[in-house]
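Peer 1: Provided below for reference: sequence and predicted model.
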Protein chains: 2
Amino acid sequence: MAERRRPRAATEEKRTRLLDATEEIMLRDGYAAVSSRSVAAAVGIQAPLVHYYFPTIDDLFVAVLQRRSGRVVDRMADALASPEPLQAWWDLASDPRGTALFVELMAAANHRPALKAEVGEVARQVRAMQMDRLKTLLDEYGLDPDLYPPALVAATIQGLAFGVVQDQAAGYDTAADEAAAAMSRLIAHLEDARSVEGGA
Amino acid sequence: MAERRRPRAATEEKRTRLLDATEEIMLRDGYAAVSSRSVAAAVGIQAPLVHYYFPTIDDLFVAVLQRRSGRVVDRMADALASPEPLQAWWDLASDPRGTALFVELMAAANHRPALKAEVGEVARQVRAMQMDRLKTLLDEYGLDPDLYPPALVAATIQGLAFGVVQDQAAGYDTAADEAAAAMSRLIAHLEDARSVEGGA
DNA sequence: GCCAAGTTTTAACGGTCGTTCAACTTTCGC
DNA sequence: GCGAAAGTTGAACGACCGTTAAAACTTGGC
């Protein structure tokens, strides 16, 4: 039953065009500027057609988040499995575009239940990956797990990167560049200690 | 010239009632839900009267931010001057209501120039206070300023507190409680080391 | 008590929003 | 080529928005 014919070839491409346009609008004018009409105009179609692909605006936000978070989870897994996990993690967390988009999605999610659930699930999944990797990693970096447990280290890296990138993007004069440089040095220091211990 | 008669006694109180209502709406439904009509309804007046006190909605947002940031600056100065500066700072940065409001203001500011300028100024001022205090404080806590410069420590505390409180408030399952507990222990540890060094 | 200034409301403007519906066009499978 | 499904549009709905203008009211100082 419900023998739905298969969609035409171009429709998947149009879905991605809509998601791209939505991201662009969120970054330029904020999530509040996303509307069926603004997105439609950006890709050169009429507003009701947006609802053909994404029945409600919430569905559109959720789709943007899901496409994005899928990539983030993959890239985080790669980073944590790389030869210099902390460095790779830090680089990933410092991505300006991803951070800016995350700010918008987080703010939007705070008052949209469907989006909030998705954000929560991604946050949980990413944090679990990070903490699991840190369980064995902290020893190698020579960090005392009693003083610096995985939950603290993970939250610190993520929170620090977020604050630094946000201030840099907004142009706030909070010595963010200096903090970023110091963090890079600190991480290089830790990676060195690890490679010496493990390699020599 | 412009011999403006002085306003009546009740008007200052009404201004604060409007600011209170605006904060409440921002926390409950997000900054996008703030409108002259929603704020007016919350305090039992008509929409145009909001514009009598705050000509534009931007002015209203800026007023909310200014009232809030004034308090934050004062409290941060007190915290940094207290006997256990790191502890007091951490407690202040962990305030859930302040953090939630800040999320909304930050998101709103990203695409409203007037608000953005105000947020930037507050951020700069607070960060400068923190870094200035850390210049002499780091030694007392026994932290190497080359590895952990003031800019890094300040950004870390602020970013970590933000992430932890945000996840706690949203109910995201990211071991935020565990991270907060570990940070409290770490700070207590540092304060102990300082009081021993200085007191004994 | 009066009147000028401060305060408040009513009414309205042009605009945007999410969404629905019916009609229309295009494409695919046969 | 034709029929049916996929895709697309135009029109419209009720709702909310920021803001302005003018009229109504309230209050304080004299």
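Peer 2: Noted; the coordinates are in hand. Numbering: from 1, shown residues only, chains lettered A, B, ... in the order given.
Peer 1: what's in contact with the least confident helix or strand in chain A by mean pLDDT?
Peer 2: One helix or strand of chain A scores below all others by mean pLDDT, DSSP states H and E: helix A:176-199, with a mean of 89. Residues outside helix A:176-199 that contact it (CB atoms under 8 Å, 6 or more residues apart in numbering or on different chains): A:84, A:86-87, A:90, A:94, A:140-143, A:160, A:163-165, A:167-168, B:147-149, B:151-152, B:154-156. From N, CA and C alone the C-beta is placed, and that goes for glycine too.
Peer 1: one more time with 6 Å
Peer 2: A:84, A:86-87, A:90, A:140-142, A:164, A:167-168, B:149, B:151-152, B:155 (CB atoms under 6 Å, 6 or more residues apart in numbering or on different chains).
Peer 1: same check on stretch A:85-103?
Peer 2: By CB under 6 Å, 6+ apart, stretch A:85-103 touches A:27, A:75, A:79, A:82, A:158, A:161, A:165, A:169, A:187, A:190, A:191.
Peer 1: any idea how far it is from the chain center?
Peer 2: Put simply, stretch A:85-103 sits 7 Å off its chain's centre (CA atoms, centre = their mean, to the nearest Å).
Peer 1: straight-line length of it, end to end?
Peer 2: End-to-end distance of stretch A:85-103 (CA to CA, to the nearest Å): 25 Å.
Peer 1: what comes up buried for that stretch?
Peer 2: For stretch A:85-103, the buried set under the neighbour-count rule, 16 or more other CB atoms under 10 Å in any protein chain shown, comprises A:85-94, A:98-103.
Peer 1: mind checking how far the closest residue to DNA strand C within chain A is from chain B?
Peer 2: Closest approach between chain A and DNA strand C, counting by CB to the nearest atom of the strand: residue A:35, at 2.9 Å. Relative to chain B, residue A:35 is positioned 12 Å away (CB to the nearest CB, to the nearest Å).
Peer 1: got the residue ranges for the helices in chain A?
Peer 2: For chain A, the helices defined by DSSP state H occupy A:9-29, A:36-43, A:47-53, A:57-81, A:85-93, A:96-109, A:113-141, A:150-170, A:176-199.
Peer 1: and among the ones you listed, the most buried is which?
Peer 2: helix A:150-170 (a mean of 23; mean count of other CB atoms under 10 Å in any protein chain shown).
Peer 1: taking helix A:176-199 as reference, get the angle to that helix.
Peer 2: 140 degrees (axes from the mean of the first three to the mean of the last three CA atoms, to 10 degrees).
Peer 1: anything in helix A:150-170 near chain B?
Peer 2: Yes: interface with chain B: helix A:150-170 contributes A:151, A:152, A:155, A:156, A:158, A:159, A:160, A:162, A:163, A:164 (CB under 6 Å from any CB of the partner chain).
Peer 1: where does residue A:169 land on pLDDT?
Peer 2: Note on residue A:169: pLDDT of 95.
Peer 1: contact partners for it?
Peer 2: Per CB under 6 Å, 6+ apart, neighbours of residue A:169: A:96, A:100.
Peer 1: again, 10 Å this time
Peer 2: A:27, A:96, A:97, A:99, A:100, A:103, A:176, B:110 (CB atoms under 10 Å, 6 or more residues apart in numbering or on different chains).
Peer 1: apart from its chain neighbours, what residue comes closest to the residue of chain A closest to DNA strand C?
Peer 2: Closest residue to residue A:35 apart from its sequence neighbours, by CB to CB, 6 or more residues apart in numbering or on different chains: residue A:57 at 7.1 Å.
Peer 1: need the helices of chain A in TSV (columns: distance to residue B:131).
Peer 2: Compiled in TSV, the helices of chain A are given as follows (distance: least, CB to CB, whole Å):
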stretch	distance to residue B:131
helix A:9-29	30
helix A:36-43	41
helix A:47-53	47
helix A:57-81	30
helix A:85-93	22
helix A:96-109	23
helix A:113-141	27
helix A:150-170	13
helix A:176-199	9
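Peer 1: with DNA strand D as the reference, measure out to residue A:43.
Peer 2: 9 Å (CB to the nearest atom of the strand, to the nearest Å).
Peer 1: so, low pLDDT: which residues of chain A?
Peer 2: A:1-5, A:197-200 (pLDDT under 70).
Peer 1: do that again at 80, thanks
Peer 2: A:1-7, A:9, A:196-200 (pLDDT under 80).
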